[in-house]
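1. All I have is the shape, not the residue letters:
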């Protein structure tokens, strides 16, 4: 078999050509002609019909840019001689679609054993005229391609495209794009990115068109609309996982003929070669090029089973293999959960998670004794007392003259106690019911019942003893962690603060919400001041109450908004 190898000495992995040359000799025999590619004139010389005559196989040893140049040199009347590719570039996306091994030495086996297939190419008109074999990526992708210089590829290697995305990601572009597909009516989009693809990946393995088939006589057209940072994060994760075509910010079409107008002019990367223009036309040339494919090559992704017998199967994207894509799939799922959760709910869920995790961190430190010294020093500093043995005779409280601050602390601690919170809850319930605010009344009962349940479960679970540094102002028994007063005080007053904050914006509401927050904090302070709780006790109680209050407010908001959404849906 006579073989012509067109070698690009400037390709990213050209240093491996000595090993490739040796492998070619062992695999294909001595009848191999090597042609080192130079400029465009040299390329035209070696791809003209007379130069190709007599060869059974033409091999391109280079990257996607070299493939693009050779294919354009071979067109428009593509030869029947099969074309092989040895990947020496940075991205090697054409080889990925053909399932050619990315190790160029291993790819030599495909030249001997590969299956010849007739694949489509696309005629390109507009900002660039010629042929495309893999993909045209425009907008954001086009700007990235313009950033990826030869020096950047040499320094960063396969990471060059990620490095090139840093600048465009800081200020994402926006284009007004009008598409006409197969002569149909125009469709207009605000676009961040546009892909017109014959192959499946671009920019070094990014699955920009994971359902594309290079043999179906159609191009995959993908339009990505602009979005906020969370939208784009979801898209990026789903892109890396290979399933972004179903995202709500993505439009996916198939067409034999694509006409695209862009304002402002859109930069495109055509098989890795940058160009720019306001108008582009892509036309499929079916089965124009014969290529050698690897053993794992699939003309199209696997098809889902049809629901109806007469319904054709639908191709589905095949997620890239390996741990990395699976991790990106997990990240995409988490980001989608956040994205599809209403913004207020997302903030609430974050607060709940933060409160629960911090509670667990505090609890582990308390049980492990890591907070002992800190608890002791803060308790003495807040109370203004010194560590001293408990008196054995008369009650120290009777002998001690109460200061105004002592009296304030005792009053505040009563407010967070059983009788005080019962009085506050009873008064609020009466007010809510009088104003027919039944949902608020039910939510308050849920908050109150929940903090009482948390206290009854958590105290015996941790069984932490109360401080005994000095005789407290209001002696109590039972366990210390978490503080029941903090649970009740932060729970009830935190609920009131949240209720005021989520209402209509008004200065007086925010002022009352601030007073409620201060009241809950004062209850926590009082328990440390009078000497019946460690600081970690009140912090843990406040965290547990916060998590429960936020959960109750989320439920209240959901119950308030769901009927309205349902009513709007029914109205349509």
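-> Good, I have the coordinates. Note that this is a predicted model, so its numbers are computed, not measured.

2. Where does pLDDT dip in the stretch 201-350 of the chain?
-> For the stretch 201-350 of the chain, residues meeting the criterion pLDDT under 70 lie at 229-232, 234-235, 237, 240-241, 301-347.

3. rerun at 80
-> Low-confidence segments of the stretch 201-350 of the chain (pLDDT under 80): 203-205, 227-243, 300-350.

4. need the helices for the stretch 1-150 of the chain, in chain order.
-> Assigned by DSSP state H, counting those that start in this stretch, the stretch 1-150 of the chain shows helices spanning 17-28, 40-47, 49-52, 64-74, 93-97, 104-113, 140-147, 150-156.

5. The stretch 151-300 of the chain too?
-> Counting by DSSP H, counting those that start in this stretch, the stretch 151-300 of the chain has helices at residues 160-164, 166-170, 229-241.

6. what's the neighbour count on residue 459?
-> Residues lying near residue 459 (other C-beta atoms under 10 Å) number 20. In short, each C-beta sits where N, CA and C put it, glycine included.

7. Count the residues that sit near the nearest residue to residue 113 once chain neighbours are set aside.
-> Distances taken as C-beta to C-beta, 6 or more residues apart in numbering put residue 295 closest to residue 113, at 7.5 Å, once the chain neighbours are dropped. By the criterion of other C-beta under 10 Å, residue 295 has 12 neighbours.

8. Compare the mean pLDDT across the helices of the stretch 1-150 of the chain and name the weakest.
-> Lowest mean pLDDT within the helices of the stretch 1-150 of the chain: helix 150-156, a mean of 50.

9. any low-confidence regions in the stretch 451-572 of the chain?
-> 475, 502-507, 556-572.

10. all strands for it, in order.
-> Ranges of strands within the stretch 451-572 of the chain: none, based on DSSP state E, counting those that start in this stretch.

11. List the contacts of residue 63.
-> Taking C-beta atoms under 8 Å, 6 or more residues apart in numbering, we find residue 63 in contact with 8, 11, 12, 87, 88, 89, 90, 91, 92, 272.

12. what sits up against stretch 11-21?
-> Residues from elsewhere that reach stretch 11-21 (C-beta under 8 Å, 6+ apart): 7-9, 34, 61-63, 66, 86-90, 104-105, 108, 153-154, 157.

13. what's the strand ranked longest in the chain packed up against?
-> Counting by DSSP state E, the longest strand found in the chain is strand 273-293. When contacts are defined as 3 or more C-beta pairs under 8 Å, 6 or more residues apart in numbering; DSSP states H and E, strand 273-293 packs onto helix 64-74, strand 83-87, helix 104-113, strand 115-126, strand 135-139, helix 140-147, strand 257-270.

14. I'd say residue 530 and residue 409 touch.
-> Yes. Assessed by C-beta atoms under 8 Å, residue 530 is found in contact with residue 409 at 5.4 Å.

15. Please identify every residue contacting each of the two.
-> By C-beta under 8 Å, 6+ apart, residue 530 and residue 409 have these common neighbours: residue 473.

16. Give me the contact list for stretch 423-432.
-> Against stretch 423-432 from outside (C-beta under 8 Å, 6+ apart): 415, 438, 440, 441, 444, 445, 448, 492, 496.

17. chain center to that stretch: distance?
-> The chain centre lies 45 Å from the centre of stretch 423-432; the measure is C-alpha atoms, centre = their mean, to the nearest Å.

18. circling back: just the buried ones out of the contacts of stretch 423-432, please.
-> Among the contacts of stretch 423-432, the ones that count as buried by 16 or more other C-beta atoms under 10 Å are 415, 440, 441, 444, 448, 492, 496.

19. Relative to residue 216, which of those is nearest.
-> Nearest to residue 216 out of these is residue 440 (C-beta to C-beta; 59.5 Å).

20. right, and the closest one touches residue 553 too?
-> No. Using C-beta under 8 Å, residue 440 is not in contact with residue 553, being 10.5 Å away.

21. shared neighbours, those two?
-> Contacts common to residue 440 and residue 553, judged by C-beta under 8 Å, 6+ apart, are residue 499.

22. Sort the contacts of stretch 423-432 by pLDDT and name the bottom one.
-> Among the contacts of stretch 423-432, residue 438 has the lowest pLDDT, at 77.

23. tell me the contacts of it?
-> Residue 438 is in contact with residue 432, counting by C-beta under 8 Å, 6+ apart.

24. ends of stretch 252-259, how far apart?
-> Stretch 252-259 has its terminal residues 15 Å apart, counting by C-alpha to C-alpha, to the nearest Å.

25. one step back: quick check: the residue nearest to residue 113 vs residue 64, distance?
-> 22 Å (C-beta to C-beta, to the nearest Å).

26. And residue 16, by the same measure?
-> Remark: distance between residue 16 and residue 64 (C-beta to C-beta) = 17 Å.

27. List buried residues within the contacts of stretch 11-21.
-> Buried members of the contacts of stretch 11-21, counted by 16+ other C-beta under 10 Å: 7-8, 61-63, 66, 86-90, 104, 108, 153.

28. Which pair of those spans the longest distance?
-> Across the buried ones among the contacts of stretch 11-21 (C-beta to C-beta), the longest gap, 23.6 Å, separates 108 and 153.

29. For residue 454, see how far away the closest residue to residue 448 other than its chain neighbours is.
-> Take residue 448 and drop its neighbours on the chain: the residue closest to it by C-beta to C-beta, 6+ apart is residue 425, 5.2 Å away. Distance from residue 425 to residue 454, counting by C-beta to C-beta: 16 Å.

30. what do you get for residue 352?
-> The spacing between residue 352 and residue 454, counted by C-beta to C-beta, is 14 Å.

31. Looking at the two now, which is surrounded by more residues?
-> Per other C-beta under 10 Å, whichever of residue 352 and residue 454 has more neighbours is residue 454, with 20 against 17.

32. for the more buried one, what are its contacts?
-> Contacts for residue 454 were tallied using C-beta under 8 Å, 6+ apart; they are 482, 487, 544, 545, 548.

33. Could you pull up the residues touching the closest residue to the last one other than its chain neighbours?
-> Nearest non-adjacent residue to residue 548, counting by C-beta to C-beta, 6+ apart: residue 450, 4.7 Å away. For residue 450, the contacting residues are 491, 548, 552, taking C-beta under 8 Å, 6+ apart as the criterion.

34. Residue 115 pairs with what?
-> Counting by DSSP bridges, residue 115 is bridged to residue 293.

35. Make 789 the first number, not 1, from now on.
-> Understood, numbering begins at 789; the last thing we discussed is residue 903.

36. So for stretch 1155-1164, mean pLDDT?
-> Across stretch 1155-1164, the average pLDDT comes to 86.

37. how long is that stretch end to end?
-> Stretch 1155-1164 stretches 15 Å from its first residue to its last (C-alpha to C-alpha).

38. which residues touch that stretch?
-> Under the criterion C-beta under 8 Å, 6+ apart, residues 1150, 1153, 1175, 1250, 1255, 1257, 1322, 1323, 1324 lie in contact with stretch 1155-1164.

39. Check those for burial and list the buried ones.
-> Neighbour-count burial within those applies to 1150, 1255, 1257, 1322, 1323, 1324; the criterion is 16+ other C-beta under 10 Å.

40. Just flag the most distant two among those residues.
-> The most widely separated members of those are 1150 and 1257, with 19.8 Å between them, by C-beta to C-beta.

41. which among the buried ones among the contacts of stretch 1211-1220 gets closest to residue 1261?
-> Closest approach between these and residue 1261, by C-beta to C-beta: residue 1203, at 15.1 Å.

42. Find the nearest non-adjacent residue to that closest one, please.
-> Here the residue nearest residue 1203, using C-beta to C-beta, 6+ apart, is residue 1311, at 6.3 Å.

43. Report how many residues lie close to that neighbour.
-> 29.

44. And the one 5 residues further on, by the same measure?
-> Other residues near residue 1316 come to 25 when the count uses other C-beta under 10 Å.

45. follow-up on the earlier one: highest neighbour count among the contacts of residue 1238?
-> Using other C-beta under 10 Å as the neighbour criterion, residue 1279 leads the contacts of residue 1238 with 31 neighbours.

46. give me every residue that touches that residue.
-> Listed by C-beta under 8 Å, 6+ apart, the contact set of residue 1279 reads 1235, 1236, 1238, 1239, 1333, 1336, 1337.
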